[in-house]
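# After the sequence you'll find the predicted model.
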Amino acid sequence: MKIAVTLRLTPDLTEELELTEDGRDIDREWIGLVLNEFDDQALEQAVLLKEAAGAEVTALAIDGEGVERLLRTALARGADAVRRIPADDAPSSARALTPLYAAAVREIGADLVLAGVLATDDLHGELAPFLAAELGWRQASAVSDVRIEDGDVVVRQEYSGGRAAQLALTLPAVVGLQTASQPPRYVAGSKLRDLLKVEVPEMAVDAAPAATGIEPATLALPDRGAGAEMIEGSADQIAERLHAILVERDMA
Amino acid sequence: MRVLVHIEHETGVIEDTAFELIAIARSLGGEVEALVMGAEPEALAGQLGAADRVVAIADPALETYLPDAHGVALQAAIRERNPDLVLLSYSTAGLDMAAPAAHACGLPLICHAVELRQDGSALDVRSQTYGGKLVASSRVPIPAIAMATPGAARAEDGRLDGIRPVETVALPPGSAGAIRLVESLAPETGGVDLTQAERIVCAGRAIGGTDKLAVVEELAGLLKAEVAGSRPVIDAGWLPKSRQVGKSGVTVKPRLYLMAGVSGAPEHLEGMRDSELIVALNTDESAPIFAKAHYGAVCDMFDVLPKLAARLKDS
Ligand SMILES: Cc1cc2nc3c(=O)[nH]c(=O)nc-3n(C[C@H](O)[C@H](O)[C@H](O)COP(=O)(O)OP(=O)(O)OC[C@H]3O[C@@H](n4cnc5c(N)ncnc54)[C@H](O)[C@@H]3O)c2cc1C
């Protein structure tokens, strides 16, 4: 079986986000980029499947800053092959990029694609369902476990209130992964250093981005409204005030 | 403007989020059609009095939720009813169905919507983005599909009993079969029911590991509170699934929700936003949780929580 896993870099949300002057984007000059946390889970799940059922895992990413390093990490984590897909002026929305990913998936000959369930900076819909629609394959999102059974892919799909279901999808299929069946593995720095010189091949595809039908949004900081009453001071002072708040409400 | 609203239901109970969508559709001022699918969807029609019309797709293949059959049913309804706007909730079904419908019907799709207003032949839509750290304003030409964040409107404003005319749409043949239900799984209970808890102390990803949980557990013990976690805490195996609050966990409404090291992503807020008193500790002053909490402090939880515990012990 051949598995493709799609990887995207997203801004590190623990940092403060600043906007460009026209408000069309965040200021990307200084912001750190990290592997989209759900793609991270998808990569782990792909490698777990390979270990359990035997499969060839190819990690794909649209080319850009930091992508070679990202894909080397994927190799260190157990991917068999990596490909960066060149795209000029790459739009960031999954919908726009779907034809490029689809062409790459076809070229690899994958029967199963694992993608992170969402990217927090995308407003125009998620990659897994768009990719499945483009390929004409089955799809399930918000998945937290994937197995191969009798040639089908069996997933655990999660719903609200903690409910879930086991679904069997006939291949080929796309899965929008939320959580791998085990937490992503740690890769030692030495392993990454060994891969520093490994070439990350490009895979040009014969496909153009799709239109989303929506102009890029204008971004703004949220209106805090009333917001929280902020408690200032040293750790001691904060603890003192919190204690007082709890006492006031008969909770201490 | 005619709005087709996707009504999610589970074992005969319509989800609150479906009523929220009806409320949003009503606020746009036009006609509202409630799309309900299932083995016997007409049984739910009497609860959809806030819509002008019910569009029912009845088929045994739609008895339990399956991404393929339900997705194709939605597309059939869009083709037949030709709405100006299709509204879905940001849920698992919403994630599964919205993009393929947009793809198949050639419609723009806007997600994470918290506010929609009509302006001529377009919608002005505000969405949460970057984990709730930013708000995005988009101008979306209609017809379009929008996926709304739970909590974007009040369910009460879309809930009304009453009989409305029912139109039927047929599920196209061959829509089901490629995805099978193996087993439905009930929520893991694990001996705790957070929905009944009066006080909750919630640890976020910043807790970093089970070895650090003691800080939170001690505090919870002193407060007679239950310990909860955000999704990453559960995914990492630091707390059991029964203690997960949020979109894919439980929804709680305690008197006290004390949270530390939780950023306040929309998916977490969905599970605790109606708590009576929300107190949030976070090192990042721009953490979205500070917009929702009643009290907040920019601080290191590992400094403040033990000090609070010490005070509680003394009192
Ligand atoms: C379909 C779907 C369903 C989901 N369901 C859920 C759900 O049910 N529940 C849920 O919680 N999430 C859910 N999520 C995930 C959600 O999007 C967020 O990723 C998650 O809530 C983030 O958890 P967190 O706030 O603990 O971690 P982070 O967002 O990483 O936040 C950690 C925070 O800790 C702060 N911090 C760091 N160090 C310290 C310190 N020493 N002291 C104090 N603060 C510190 C940081 O500033 C940061 O704000 C879901 C996502 C999807 C796509």
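Happy to help now that I have it.
# Can you pull the residues of the stretch 1-150 of chain A lying near chain B?
A:11, A:13-14, A:16-17, A:19, A:26, A:37, A:41, A:95, A:117-118, A:120-126, A:129-130, A:132-134, A:138-142 (CB under 8 Å from any CB of the partner chain). Just so you know, the C-beta spots here come from the backbone N, C-alpha and C atoms, and that holds for glycine as well.
# Give me the subset of those residues that lies in strands.
A:11, A:138-142 (DSSP state E).
# Which members of those define the maximum pairwise distance?
A:Pro11 and A:Arg138 (31.5 Å; CB to CB).
# Can you show me the helices along the stretch 51-200 of chain A?
In the stretch 51-200 of chain A, the helices defined using DSSP state H, counting those that start in this stretch lie at A:67-77, A:94-108, A:127-135, A:189-194.
# Redo these as CSV? Include mean neighbour count and mean pLDDT.
Shown next, in CSV, are the helices of the stretch 51-200 of chain A (neighbours: other CB atoms under 10 Å in any protein chain shown; pLDDT from 0 to 100):
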stretch, mean neighbour count, mean pLDDT
helix A:67-77, 21, 96
helix A:94-108, 22, 97
helix A:127-135, 27, 98
helix A:189-194, 12, 88
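# What helices and strands are in contact with the lowest-mean-pLDDT helix or strand in chain A?
Comparing helices and strands within chain A by mean pLDDT, DSSP states H and E singles out helix A:189-194 as the least confident, with a mean of 88. Helices and strands touching helix A:189-194, by 3 or more CB pairs under 8 Å, 6 or more residues apart in numbering or on different chains; DSSP states H and E, are helix A:67-77.
# For the helix it packs on, C-alpha coordinates in PDB please.
Taking Å, rounded to 0.1, in the frame of the first residue of the first chain, the C-alpha atoms of helix A:67-77 are listed here in PDB:
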ATOM      1  CA  VAL A  67       9.900  23.200   3.700                       C
ATOM      2  CA  GLU A  68      13.200  21.300   3.000                       C
ATOM      3  CA  ARG A  69      13.900  21.200   6.800                       C
ATOM      4  CA  LEU A  70      10.300  20.100   7.400                       C
ATOM      5  CA  LEU A  71      10.500  17.200   4.900                       C
ATOM      6  CA  ARG A  72      13.900  16.100   6.300                       C
ATOM      7  CA  THR A  73      12.200  15.900   9.700                       C
ATOM      8  CA  ALA A  74       9.500  13.700   8.100                       C
ATOM      9  CA  LEU A  75      12.300  11.300   6.800                       C
ATOM     10  CA  ALA A  76      13.800  11.200  10.300                       C
ATOM     11  CA  ARG A  77      10.300  10.300  11.700                       C
END
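# Go through stretch B:51-69 and flag the buried ones.
Buried residues in stretch B:51-69, counted by 16 or more other CB atoms under 10 Å in any protein chain shown: B:51-59, B:61-62, B:65-69.
# with those in mind, which one is nearest to B:Val201?
Using CB to CB, B:Tyr65 comes nearest to B:Val201 of the buried residues of stretch B:51-69, at 33.7 Å.
# how close does that closest one get to A:Leu167?
Using CB to CB, to the nearest Å, B:Tyr65 is found at 9 Å from A:Leu167.
# What distance do you get for A:Met107 to the ligand?
In this structure residue A:107 is Glu, not Met. Distance, A:Glu107 to the ligand, by CB to the nearest ligand atom, to the nearest Å: 29 Å.
# my bad, A:Asp145
With distances taken as CB to the nearest ligand atom, A:Asp145 is found 15 Å from the ligand.
# swap in B:Val5?
Separation of B:Val5 from the ligand (CB to the nearest ligand atom) stands at 21 Å.
# Can you pull up the most central residue in the chain?
Looking at chain A here, since you left the chain open. In chain A, the residue lying closest to the centroid (CA atoms, centre = their mean) is A:Asp39, at 3.0 Å.
# actually it's chain B I care about, not the one you picked
Central residue of chain B (CA atoms, centre = their mean): B:Pro150, at 4.0 Å.
# what about that residue, helix or strand, and which?
According to DSSP states H and E, B:Pro150 maps onto no helix or strand at all.
# re earlier: now flag whichever of the buried residues of stretch B:51-69 is closest to A:Ala244.
Distances from A:Ala244 to these, taken by CB to CB, are shortest for B:Tyr65, at 48.0 Å.
# Which residue ranges make up the domains of chain B?
Domain segmentation of chain B under automatic domain parsing yields B:2-168, B:194-314.
# hmm, the shortest one in reach of the ligand?
Spelled out, it's domain B:194-314. Yes: Domain B:194-314 reaches the ligand (CB under 6 Å from any ligand atom) through B:204-206, B:230-232, B:244-249, B:260-263, B:265, B:267-268, B:271, B:281-284, B:287, B:300-302.
# Can you turn the buried part of those into a PyMOL selection?
One line in PyMOL is enough to select the buried ones among the residues of domain B:194-314 next to the ligand; burial here means 16+ other CB under 10 Å:
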select buried, chain B and resi 204+205+206+230+231+232+244+245+246+247+248+249+260+261+262+263+265+267+268+271+281+282+283+284+287+301+302
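# from the residues of domain B:194-314 next to the ligand, which are also near chain A?
Near chain A, judged by CB under 8 Å from any CB, the entries from these are B:231-232, B:244, B:247-249, B:263, B:265, B:281, B:284, B:300.
# Looking at the residues you listed, which are in strands?
Using DSSP E, these in strands are B:Leu281.
# which ones are touching residue 198?
No chain specified, so I'll use chain A. A:72, A:75 (CB atoms under 8 Å, 6 or more residues apart in numbering or on different chains).
# actually chain B
B:224-225, B:254-256.
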